[in-house]
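Asker: sequence unknown, structure follows:
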C-alpha cells in the first residue's frame, strides 16, 4: 500500500501535530462559511448568543402578541437560513462551543423568522473571532473515562421541556458531547436531572461497548 504521507485534512478538519499532542480545527471551512455569508468585513461577536435569550416560533408570538414580536415576520427566503444552519451543524464536528446554540437554531428551521436569521448571523460573527478554536488531543497515557452532565430545566418557553447536555473525556481529551431537548416535559428539576443522567449513561455504555 502506498504511503499517502502525513494526514493534515480529513472531512474539512485540519490536523496539526506537536510534541504535546494534536489539534483539530475547521479553520478553512469556517473562513469559507464567513465568506459565503458575506460577513468577511463584519465585527466579530464575543458570544454566540445573548445571555438567557429565548428563541420563539411565529405561533408563540401570535399567542403572546407583544410589541417586540409584531415586526418579527417570517423570512421570504427560508432556504437562506436553512443552508447557513446546515453548515453550522457540520462545523460542530470540532467545535463543541457551538453545539448548544446550533441546536436552538435547528429547532426553528421549518419556519424561520427575521430574529432567527439575526441570531444565525451573530453565530457567524462569533465564529469569525474564534476560527482557530477546536479540539486538542494531548499525548499522555491517561485511560480514565470522565463524564460531566447537566440540564436546563424547562428552558423551552413554548413546550416547557428541558435541555440535557453532557461531555465525555478520555484522559484530558474531549471525545463526545451533546446538547438536546428532552422528549418529555419534566415536572421537577430532579426529574430533568435524572433524564439527563440517563442519556449520559447510555452514551458511556455505547462508548465502552457494554450491552
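Answerer: Cool, got the structure. Keep in mind that this is a model prediction, so the values were computed, not measured. Numbering: from 1, shown residues only.

Asker: And what about residue 100, helix, strand or coil?
Answerer: Each residue gets one of three states, and residue 100 gets helix by DSSP: H, G, I helix; E, B strand; the rest coil.

Asker: Without its sequence neighbours, what residue ends up closest to it?
Answerer: The spatial neighbour of residue 100 that comes closest, neighbours along the chain excluded (C-beta to C-beta, 6 or more residues apart in numbering), is residue 179 at 4.6 Å. All C-beta spots, glycine's among them, are computed from the backbone N, C-alpha and C.

Asker: what about that neighbour, neighbour count?
Answerer: Other residues near residue 179 come to 19 when the count uses other C-beta atoms under 10 Å.

Asker: my read: it touches residue 167, true?
Answerer: No. In this structure residue 179 lies outside contact range of residue 167 using C-beta atoms under 8 Å: 9.9 Å.

Asker: Just give the nearest non-adjacent residue to residue 131, would you?
Answerer: If the residues on either side of it in the chain are set aside, residue 131 comes closest to residue 30, at 4.5 Å by C-beta to C-beta, 6+ apart.

Asker: Measure how buried that neighbour is and give me the count.
Answerer: Using other C-beta under 10 Å, the number of residues around residue 30 comes to 23.

Asker: Give the full set of residues in contact with it.
Answerer: Taking C-beta atoms under 8 Å, 6 or more residues apart in numbering as the criterion, residue 30 is in contact with 91, 127-128, 131.

Asker: again, 7 Å this time
Answerer: For residue 30, the contacting residues are 91, 127, 131, taking C-beta atoms under 7 Å, 6 or more residues apart in numbering as the criterion.

Asker: Check residue 54 too.
Answerer: With C-beta under 7 Å, 6+ apart as the criterion, the residues that contact residue 54 are residue 157.
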